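Novice: Next comes the sequence, and after it the predicted model I'd like to discuss.
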Amino acid sequence: KPTSSIRLACLPRLQKDPKLALQLFKNPNPNPNDTEAHPLKPFRYNLLHYDLIITKLGRAKMFDEMQQILHQLKHDTRIVPKEIIFCNVIGFYGRARLLERALQMFDEMSSFNVQMTVKFFNTLLNPKLTCGKLDRMKELFQIMEKYVSPDACSYNILIHGCVVSRRLEDAWKVFDEMVKRRLQPTLVTFGTLIYGLCLELRVDEALKLKEDIMRVYNVKPDGQVFASLIKGLCAVGELSLALGVKEEMVRDKIEMDAGIYSSLISALFKAGRKNEFPAILKEMKERGCKPNSVTYNALISGFCKEEDFEAAFTILDEMGDKGCKANPISYNVILGGLCKDGKC
């Protein structure tokens, strides 16, 4: 029985092996062995069929095969592709750090007769961010303005690129341009700037910005903002302020992750206040936050720096008992401490 259009839309979803899914797509109705049978008509693919197989191949990083399907789609004159398909393709290339292939997709867009919106350009900015190509992000931004007007998301991506490239002053220039264009900054905008300030250990400015975004822009900080502040404060030795920020999170019922608690545990050891870490672990348990390898490694590192290797090994054993697998960092910290102490 010939495969129907609906059935072909279901089969790739059910088929876990992308190679078999591709085979089904290419040959949905193989010719029967009976040589006298009439040949079947060419299968009439629809947009959903193309979307499903492109997604399947992209997730499997079968990029050459994905390009072959895109080539077939280009020449299937019955179908007008949607922009989202190409956004997904660029996303696959971006996650694989294949920037040139993502840019090639941009060059080929006109041949698909697809109108590009700001969403497409924002998607194209992300691979450049992933690959750390800030200057090329700025070039694309200029090209983008010939087609569409950048939105808040566009500026947020560019600000993020500046911050991770450790070019914070450039990030502020982008922010100023964003405001000049009367685009409303978002929580993502301010969260990225606060992260950048904390990365540069400019925590006083970060704390002031947190207050400003609530007072001036009526934007409520989220867990990511508080995490940046706590890590930044711990890094500059302002443990009391960090603990105060944590209490603010508790008061405002903002969820805390193991990363925040791990930063506080490391800071307690560094400040000579290791006797306070059990209270942190107790709070984690009460708030339903399970310690992870980062938390245990913070404890192991703290005890090793104090040359309390027995306690460090106890924590290592506890990791296994609690179902948290030790990683190379766990062992390297202990071995490093033992060697430094002349015990290896």
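Specialist: Ah, there it is.
Novice: Residue 221 contacts residue 210, correct?
Specialist: Yes: counting by Cβ atoms under 8 Å, residue 221 touches residue 210, with 5.6 Å between them. All C-beta atoms are positioned from the backbone trio N, CA, C, and that covers glycine.
Novice: list residues touching both of the two?
Specialist: residue 190 (Cβ atoms under 8 Å, 6 or more residues apart in numbering).
Novice: I figured residue 168 was touching residue 195, is that so?
Specialist: No: the criterion here is Cβ under 8 Å, and residue 168 misses it with residue 195 at 10.1 Å.
Novice: the more surrounded of these two?
Specialist: Neighbour count, other Cβ atoms under 10 Å: between residue 168 and residue 195, residue 195 has more, with 21 against 18.
Novice: which residues touch the more buried one?
Specialist: For residue 195, the contacting residues are 163, 224, 228, by Cβ under 8 Å, 6+ apart.
Novice: Tell me if I'm right that the first one and residue 196 touch.
Specialist: Yes: the pair residue 163 / residue 196 is scored as a contact, 3.7 Å apart, by Cβ under 8 Å.
Novice: Quickly list what's touching both of the two.
Specialist: Common neighbours of residue 163 and residue 196, using Cβ under 8 Å, 6+ apart, are residue 171.
Novice: Between those two, which is the more surrounded one?
Specialist: Legend: neighbour count by other Cβ under 10 Å for residue 163 and residue 196, higher for residue 196 (25 against 22).
Novice: OK, contacts around the more buried one?
Specialist: Taking Cβ under 8 Å, 6+ apart, we find residue 196 in contact with 162, 163, 168, 171.
Novice: so which helix or strand takes in it?
Specialist: Using DSSP states H and E, the element containing residue 196 is helix 187-199.
Novice: The helix or strand following that helix - contacts with which helices or strands?
Specialist: As assigned by DSSP H and E, the chain's next helix or strand after helix 187-199 is helix 203-215. Where contact means 3 or more Cβ pairs under 8 Å, 6 or more residues apart in numbering; DSSP states H and E, helix 203-215 is packed against helix 187-199, helix 223-235.
Novice: Tabulate these (JSON lines), appending mean pLDDT.
Specialist: Below are those laid out as JSON lines (pLDDT from 0 to 100):
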{"stretch": "helix 187-199", "mean pLDDT": "97"}
{"stretch": "helix 223-235", "mean pLDDT": "96"}
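Novice: between these, which gets nearest to residue 140?
Specialist: Closest approach to residue 140 among the helices and strands packed on helix 203-215 is made by helix 187-199 (18.5 Å; Cβ to Cβ).
Novice: Can I get that closest one in PDB? Just the C-alpha atoms.
Specialist: Output for helix 187-199, consisting of C-alpha atoms alone and laid out as PDB, is shown next (Å, rounded to 0.1, in the frame of the first residue of the first chain):
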ATOM      1  CA  LEU A 187      15.400  42.100  32.300                       C
ATOM      2  CA  VAL A 188      17.800  40.300  29.900                       C
ATOM      3  CA  THR A 189      19.400  43.600  29.000                       C
ATOM      4  CA  PHE A 190      20.000  44.600  32.600                       C
ATOM      5  CA  GLY A 191      20.900  41.100  33.700                       C
ATOM      6  CA  THR A 192      23.600  41.000  31.100                       C
ATOM      7  CA  LEU A 193      25.000  44.400  32.100                       C
ATOM      8  CA  ILE A 194      25.000  43.400  35.800                       C
ATOM      9  CA  TYR A 195      26.800  40.100  34.900                       C
ATOM     10  CA  GLY A 196      29.400  42.100  33.000                       C
ATOM     11  CA  LEU A 197      30.000  44.500  35.900                       C
ATOM     12  CA  CYS A 198      30.400  41.600  38.300                       C
ATOM     13  CA  LEU A 199      32.700  39.900  35.800                       C
END
